[in-house]
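S.K.: sequence below, structure please.
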Amino acid sequence: MASRVTHPPHNVSGMGDLDDLAATFRALVAGHHETAAVIVLGPNGAGPPIVVSVGTAWGVSVSPRVALAEVLRAGAVEGWILLHRHVGRAAPSREDLAVTRRLVAAGAIVGVPLRAHLVVGDEGWSDCLPLAAQELTEVLAAG
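M.R.: Residues are numbered from 1 along each chain as shown. Take a look at the predicted model:
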């Protein structure tokens, strides 16, 4: 079901690396369909993107079960990154933030933490992880 995108591994350690990762992913999955892929982080850095879902121009469905199955199959030990290609802007939607919260919970259960959920647009990217965490903190504080 999943497919590997041929690409050399990255050593993801900072924002510059995420910029490079987002730009590479944008070029690899250029087109008119939203696409989601996982990158497994191990002791030797990041592996190649593994496509877990291809959607339409208006959205893509990311199943935590499918994403984590690929992460575990690839032998993640230090975490993983979800890359999600938006057609157009890199602004995350409410659905993007909701799936981020589900992926964080699922990764915590199996002991492989989600390190970033990058929404990659035509000219930029954003990380849903801090946005989802902030939103959750605000909801709990309003409790």
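S.K.: and the residue nearest the centre of the chain?
M.R.: For the chain, the residue nearest the mean C-alpha position is residue 82 (1.4 Å; CA atoms, centre = their mean).
S.K.: in three-state terms, label the spatially closest residue to that one that is not a sequence neighbour for me.
M.R.: Using CB to CB, 6 or more residues apart in numbering and skipping the chain neighbours, the partner closest in space to residue 82 is residue 117 (4.5 Å). From N, CA and C alone the C-beta is placed, and that goes for glycine too. With DSSP: H, G, I helix; E, B strand; the rest coil as the basis, residue 117 sits in strand.
S.K.: ok, the residue nearest to the centre of the chain - contacts?
M.R.: 36, 37, 38, 62, 67, 100, 103, 114, 116, 117, 118 (CB atoms under 8 Å, 6 or more residues apart in numbering).
S.K.: where's it, which helix or strand?
M.R.: Using DSSP states H and E, residue 82 maps to strand 79-85.
S.K.: what residues of the lengthiest helix in the chain count as buried?
M.R.: Counting by DSSP state H, the longest helix found in the chain is helix 94-110. Residues 96, 97, 99, 100, 101, 103, 104, 106, 107 are the ones in helix 94-110 that count as buried (16 or more other CB atoms under 10 Å).
S.K.: what bridges to the residue nearest to the centre of the chain?
M.R.: Beta-bridge partners for residue 82, by DSSP bridges, are residue 38, residue 117.
S.K.: returning to what we had before: what's next to the longest helix of the chain, contact-wise?
M.R.: If you take CB under 8 Å, 6+ apart as the criterion, helix 94-110 is touched by 59, 62, 64-65, 67-68, 71-72, 79-80, 82, 84, 92, 113-114, 117, 119, 128-129, 131-133, 135-136.
S.K.: what angle sits between it and strand 79-85?
M.R.: Orientation of helix 94-110 against strand 79-85 (axes from the mean of the first three to the mean of the last three CA atoms, to 10 degrees) gives an angle of 160 degrees.
S.K.: sec struct for the nearest residue to residue 61 once chain neighbours are set aside, please.
M.R.: Excluding the flanking residues, the one nearest residue 61 by CB to CB, 6+ apart is residue 53, at 5.9 Å. Here residue 53 is recorded as strand under three-state DSSP.
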